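Engineer: Coordinates for the following, if possible.
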Amino acid sequence: MDFIKEGAEIWMDLGLLIEAYGFRTVFSPELAVMTLLLALFYWKYGREDVSGLGSAGFALGIFLFYFALGGPLNLLGHFWFSIHMLQQSILYLVVPPLILAGLPAKFYSRTLQIPVVRSVIAVGGNPIVALLLFNGLFSFYHVPVIFEAAMSNYALHNMLHILLLVTAFGLWWPVYCLAGRQMLSPLKKIGYIFLNGLMLTPACGLIIFANEPLYAIYTGDTHLLCLPFYSLTVNQKPFELPWLTQLADQQLGGVVMKIVQEISYGIMLGYVFFQWFRKENADDQDDRLPEAAI
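Structural biologist: Presented below is the predicted three-dimensional model:
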């Protein structure tokens, strides 16, 4: 009964959002159509030589991309910092590895055959550069003065989010690249992922353990909704959460980011280690075959 009650409350809240801001603002149908077309294109042309697990990962990544950027999560993230951090975590720590995992091997080889793209990837996809770019930009984005400027300016907001998304894909590129100078051994991949897990810890710690609210923009009466294809200024929250103070909301945001990061990176570490272990076992069996034949 509690589950049914909670489900009804969620639908009521969605009804309030749609009533207050309109269906287009809440669900961004333009982005939904674009996402669906991309998924259909992949289903017809892009899943050749991809495992069922990889295809499922791509589909989940595309869905989560829309869910985080085009659904209610994006809207509510303008009113609550914790929801904004959940959106950020999904977009940059979950979506890129899922999508890259579902791309065929020929995508990586053909990408590296294009001179301009190869030159860009040689710099942006370099493990050290990629690690510093994303983690540095993400920490820079959450400096209070930068964050508040981005949440108050549609053009700056979009520019920073595009940069973050591009650098997030660059961050995961060395883990999936199957050819070229950026190809890492399994052991180096494990070290790379582990090091990435440490890089965001200081920023999350500052947010979690701050003694006062850092982002005054969440206390204002007027909010600029930066939606995928347009912006909208509103002067009220869709509903109130009296139990969630601004400081608690901020601390919860840091915790959410760290938890999602640990889960995402932990799964990737396990996946890389399992693939490495399976390959080593296969190689050992191949080495034993001639001896067994004798």
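
Engineer: separation between Leu252 and Leu86?
Structural biologist: 9 Å (Cβ to Cβ, to the nearest Å). C-beta coordinates here come from the backbone N, C-alpha and C atoms, glycine included.

Engineer: now swap in Pro202 and tell me
Structural biologist: Counting by Cβ to Cβ, the gap from Pro202 to Leu86 is 20 Å.

Engineer: Please say which of these two ends up with more neighbours.
Structural biologist: When Pro202 and Leu86 are compared for neighbours, Leu86 comes out ahead with 21 against 11, by other Cβ atoms under 10 Å.

Engineer: just to confirm, which helix or strand has Phe65 in it?
Structural biologist: helix 52-69 (DSSP states H and E).

Engineer: Please enumerate residues in contact with that helix?
Structural biologist: 28, 31-32, 35, 38-39, 42, 46-47, 50, 73-74, 87, 90-91, 94-99, 101-103, 228 (Cβ atoms under 8 Å, 6 or more residues apart in numbering).

Engineer: Where do the strands of this protein begin and end?
Structural biologist: Remark: strands assigned in the chain by DSSP state E are 223-226, 231-234.

Engineer: Would you mind giving these as JSON lines with distance to Trp243 added?
Structural biologist: Listed next are the strands of the chain as JSON lines, based on distance: least, Cβ to Cβ, whole Å:
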{"stretch": "strand 223-226", "distance to Trp243": "21"}
{"stretch": "strand 231-234", "distance to Trp243": "23"}
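
Engineer: hey, which helix is longest across this protein?
Structural biologist: Under DSSP state H, the helix in the chain containing the largest number of residues is helix 246-293.

Engineer: Check which helices and strands that helix sits against.
Structural biologist: In terms of contacts (3 or more Cβ pairs under 8 Å, 6 or more residues apart in numbering; DSSP states H and E), helix 246-293 is packed against helix 81-89, helix 186-199, helix 201-208.

Engineer: from those helices, which stretch is densest packed?
Structural biologist: Highest mean neighbour count of the helices and strands packed on helix 246-293: helix 81-89, a mean of 22 (counted as mean count of other Cβ atoms under 10 Å).

Engineer: Which secondary structure elements does that one sit against?
Structural biologist: Using 3+ Cβ pairs under 8 Å, 6+ apart, helix 81-89 is in contact with helix 72-76, helix 246-293.
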